[in-house]
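*Asks:* generate coordinates for the sequence data below:
(one chain, ligands or ions: 1)
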Amino acid sequence: MDTHLKRKLPIAVFRKPKESQLTAVFQFGEDLFRTADFQEKGFVFAPFHSEENAVLIKPDELHKVQVPSILPTQKGELKINDIDKEVHINLVKKGIEEISTGNLKKVILSRRVDYSSSKKPVEVLQKLLANYPNAYCYLFYHPKVGMWCGATPETLVHIKNGNLSTMSLAATLPYTANTKPEWGPKEIEEQKMVSDYIREKLEHTVANFEIGKTESVRAGNLWHLKSEVKGNLPANADIKKIIMALHPTPAVCGIPTQKAKEFIKKNEGYDRSFYTGFLGEINLNSPGEISLFVNLRCMELSEGTASIYVGGGITAESNPESEWIEIQNKSLTMLNIL
Ligand SMILES: C=C(O[C@H]1C=CC=C(C(=O)O)[C@@H]1O)C(=O)O
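*Replies:* Residues are numbered from 1 along each chain as shown. Just a heads-up that it's a prediction; the model follows:
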């Protein structure tokens, strides 16, 4: 992996949640390929704004190894970056105002924070694997795209043997050991909006469509609300259409989707790039097997800088100060690694 990175060649390395196998996809040659219809074989990496097709890393060589067991890192003093607190609070207030006009029901508002870091990518990946066994941990590099890594708790879609599964994941509270979180109406509504959206998008395409019960799940130092979703695909299903119907869900964009997208583009004041896009394997193990995740709890690594991306769902009930604390807590997932 080190040699490949030194030669500045495209690579994607990932480990699925709760699994111990690490997969590395090596592409020889720096061509920038894109998927046309998700029928290709490889690893895809898609930005939030999907005007262009997702980047594809072709598996010129594929390696699967067991993840070496590494102990989780001891957490030291964390330096949270409070710069731009006012900027974010004002953005959230603007979101709440827009919701009060009836133009939007929900919008995810985010920011990017730069930290200086000289950590080697391999070391960052090792730490992600050791600290977040329940997350999808990855490292992605393409000389024409950049270097990204993360530990995401959110599935976009899995497809295998015609069975489809996804999840409705939203709402956040700090993780507390030994006690289950107490969710308020704001959080319950916030997550329900995601479930309703998925229902609307898939119910008529997928047979035996079913949304499971909502449960609290841990993601690092956070709790979220999650419902599992499943169904069966018809034999002639258009995979690209299904993926693009789910991306972006109101867990990362908002309701209604188009208006929320426009609000985000106009007001966030930075380019989300691949944050809140999606990534993962397509047809790598067998034709028709797809395993995609939403790019959350992630960072972009460039010379001496690690840029952490975080956001949170804003509804009519949101409190700007609490939303600020929430994204600070979310940024700890990556900050713990640096
Ligand atoms: C947009 C993010 O999280 C989403 C996923 C789970 C909970 C969320 C929330 O509570 O707002 C967000 O919808 C992020 O981590 O940057």
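*Asks:* when you work out contacts or count neighbours from here on, use the C-alpha atoms and nothing else.
*Replies:* Fine.
*Asks:* state the phi and psi torsions of the nearest residue to Glu303 once chain neighbours are set aside.
*Replies:* In space, and not counting its chain neighbours, Glu303 is closest to Ser118: 7.7 Å by CA to CA, 6 or more residues apart in numbering. Dihedral angles of Ser118 (phi, psi; degrees, to the nearest 10) stand at phi -120, psi 20.
*Asks:* cool, the one 5 residues further on as well?
*Replies:* Torsion angles at Glu123 (phi, psi; degrees, to the nearest 10) stand at phi -70, psi -40.
*Asks:* where's it relative to Ser117, distance?
*Replies:* 12 Å (CA to CA, to the nearest Å).
*Asks:* and Thr305, by the same measure?
*Replies:* Distance from Thr305 to Ser117, by CA to CA: 5 Å.
*Asks:* one more: Asn319?
*Replies:* 32 Å.
*Asks:* quick one: terminal-to-terminal distance for stretch 292-299?
*Replies:* Counting by CA to CA, the terminal residues of stretch 292-299 are separated by 18 Å.
*Asks:* double-check that Phe263 belongs to a strand.
*Replies:* No. Using DSSP: H, G, I helix; E, B strand; the rest coil, the assignment for Phe263 is helix, not a strand.
*Asks:* surely Glu187 touches Pro181?
*Replies:* No. Between Glu187 and Pro181 there is no contact under CA atoms under 8 Å: 11.1 Å.
*Asks:* so which helix or strand takes in Glu189?
*Replies:* Using DSSP states H and E, Glu189 sits within helix 185-202.
*Asks:* buried ones in the following helix or strand past that helix?
*Replies:* Reading on from helix 185-202 to the C-terminus, the next helix or strand found by DSSP H and E is strand 207-219. By 16 or more other CA atoms under 10 Å, the buried positions in strand 207-219 come out as 209-211, 214, 216-219.
*Asks:* so what pLDDT did the residue nearest the centre of the chain get?
*Replies:* Residue closest to the average C-alpha location in the chain (CA atoms, centre = their mean): Asn295, at 2.4 Å. On the pLDDT scale, Asn295 is placed at 98.
*Asks:* likewise the one 4 residues further on?
*Replies:* Model confidence at Met299, given as pLDDT, is 97.
*Asks:* now do the SS call for the residue lying closest to Ser307 once chain neighbours are set aside.
*Replies:* Closest residue to Ser307 apart from its sequence neighbours, by CA to CA, 6+ apart: Asp114 at 4.3 Å. Here Asp114 is strand, with the state taken from three-state DSSP.
*Asks:* what's the neighbour count on Asp114?
*Replies:* Applying other CA atoms under 10 Å, we find 15 residues neighbouring Asp114.
*Asks:* ditto for Gly184
*Replies:* Residues near Gly184, counting by other CA under 10 Å, number 9.
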